[in-house]
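Chemist: Give me the fold of what follows.
(chains A and B)
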Protein chains: 2
Amino acid sequence: MARRSAVETAALRFDVVDSAGSISAITAATAAIGGRIRTLATVRPIEGEPPLVEIELEVEGVTENALVAALEGLEDVRTIHRTRALGSVFGKRIIVVGGGAQVAQVALGAVSEADRHNLRGERISVDTIPLVGEESIAAAVRAVADLPRARLLVLAGSIMGGDISAAADELRAVGIPIIALNMVGSITEHVDLVVSDPVQAGTMAVMAVADTATFDLERQRGRRY
Amino acid sequence: MARRSAVETAALRFDVVDSAGSISAITAATAAIGGRIRTLATVRPIEGEPPLVEIELEVEGVTENALVAALEGLEDVRTIHRTRALGSVFGKRIIVVGGGAQVAQVALGAVSEADRHNLRGERISVDTIPLVGEESIAAAVRAVADLPRARLLVLAGSIMGGDISAAADELRAVGIPIIALNMVGSITEHVDLVVSDPVQAGTMAVMAVADTATFDLERQRGRRY
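Modeler: Residues are numbered from 1 along each chain as shown, chains lettered A, B, ... in the order given. As a prediction, this is how the structure comes out:
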């Protein structure tokens, strides 16, 4: 998977009548001016009559002014705010999944390291969820493939294997690398890098995705620290 | 802002030709079967001829089978995977923004507390970004309004005010509460709750959004701990 160079993204948030037709009208209006929708997300419902939803829209290939003009013409659209594309604010995402004690320590390392890179113009977020159980963790690993801007997963726990290892293989197949803590179970055979210290695992995760770092995960693949 | 009761959400990830028209065709096909799009996010580009994008789609009001059938009929859609709605996997999001040292300590408290609630069936994520500077932090505070499933913001730092305080007022106006550490600057006058200890701030943040906790932010509004 190659990465496309950064393209200017127009971003708006607006209220719209909550119906199947109104969202279709938005995408048709966007397509009519040549825009490619990158994100259309319902951020919150607004109860009332009629019920509205607040939508975050990010579009490539058009200017923000052109997008505003296209949406202002739609009957169901209300209150348009100009926003910033989420990628320009929150940037690349490191995802940390596993047991609470380990997730917290990986986050400590990753946040501290992201701080150093973000000071130099990077944008790296550290997003975490503590979970227990093979099924929940495997589902979270698979769902990382569905998260916009997710660049690397850290599996932080004491024992993982079975369906989690299968999910790890699937995630790596879509191009998202995985660092795991050294732990019991088959997972350490299904990741790119194994690190024993959780703070260092978090630090290395950030270094692996930062353009401001020289760490190359490719050259470390299969190693254990 | 009232919360709508949970509705079954069909979720798919698929590859599609990267053009303005193909995304419009997807939304038209979804609308034709009565589906309301909740999320349409480009998760990654796939270079080739023609270039493809991988899209995560979440739709309410239709079954997954009906959605698959509707998309399979479209010429530009390839390789459909059945996924799970991100809300069912990663749940409610606590967002932590500020200086690296404080963000890491708030995350420690929040992850530890989320672990306890997630064990009892909750789904709470703790998402963080370390940032420096009034402009960057104010932009991140405003952008929390654009994040799906964001339920509460923790501002973790040592000095914040100016445009960050203005952004905090805007964010609270859309219904997202804010907890701030006790710190220098006007920000502590523009948040719902001020907490001195960062670990406790993270813990209280999770308690405030967990259905499995009895903490009521409404009753604590304006207080300092």
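Chemist: What values do phi and psi take at A:Glu75?
Modeler: Here is the backbone geometry of A:Glu75 (degrees, to the nearest 10): phi -60, psi -40.
Chemist: Can you name every helix or strand that the longest strand seen in chain A contacts?
Modeler: For chain A, the strand with the greatest residue count under DSSP state E is strand A:36-46. Here strand A:36-46 touches strand A:9-17, helix A:20-32, strand A:52-60, helix B:20-32, strand B:36-46, going by 3 or more C-beta pairs under 8 Å, 6 or more residues apart in numbering or on different chains; DSSP states H and E. No exception for glycine: its C-beta is placed from N, CA and C like everyone else's.
Chemist: Report the angle between the third one and strand A:9-17.
Modeler: What that stands for is strand A:52-60. On the basis of axes from the mean of the first three to the mean of the last three C-alpha atoms, to 10 degrees, strand A:52-60 is oriented at 160 degrees to strand A:9-17.
Chemist: Residues touching strand A:52-60, excluding its own?
Modeler: A:7-18, A:23, A:26, A:30, A:35-46, A:67, A:78, A:83, A:85-86, B:146, B:148, B:174 (C-beta atoms under 8 Å, 6 or more residues apart in numbering or on different chains).
Chemist: ok, 7 Å please
Modeler: A:7, A:9-18, A:30, A:35-46, A:67, A:78, A:83, A:85, B:146 (C-beta atoms under 7 Å, 6 or more residues apart in numbering or on different chains).
Chemist: Narrow those residues to those that are buried.
Modeler: A:9-18, A:30, A:35-46, A:67, A:83, A:85, B:146 (16 or more other C-beta atoms under 10 Å in any protein chain shown).
Chemist: so which strand or helix has the spatially most distant residue from the centre of chain A?
Modeler: Distance from the C-alpha centroid of chain A peaks at A:Glu49, with 34.0 Å (C-alpha atoms, centre = their mean). Using DSSP states H and E, A:Glu49 falls within no helix or strand.
Chemist: With A:Ala104 instead?
Modeler: helix A:100-118.
Chemist: So which other helices or strands are in contact with the following helix or strand past that helix?
Modeler: Per DSSP H and E, the first helix or strand lying C-terminal to helix A:100-118 is strand A:124-130. Here strand A:124-130 touches strand A:92-98, helix A:100-118, helix B:100-118, strand B:124-130, going by 3 or more C-beta pairs under 7 Å, 6 or more residues apart in numbering or on different chains; DSSP states H and E.
Chemist: Using a markdown table, please lay out these together with distance to A:Thr63, mean pLDDT and mean neighbour count.
Modeler: A markdown table is the format used below for the helices and strands packed on strand A:124-130 (distance: least, C-beta to C-beta, whole Å; pLDDT from 0 to 100; neighbours: other C-beta atoms under 10 Å in any protein chain shown):
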| stretch | distance to A:Thr63 | mean pLDDT | mean neighbour count |
| --- | --- | --- | --- |
| strand A:92-98 | 25 | 98 | 27 |
| helix A:100-118 | 28 | 97 | 25 |
| helix B:100-118 | 35 | 97 | 25 |
| strand B:124-130 | 27 | 98 | 28 |
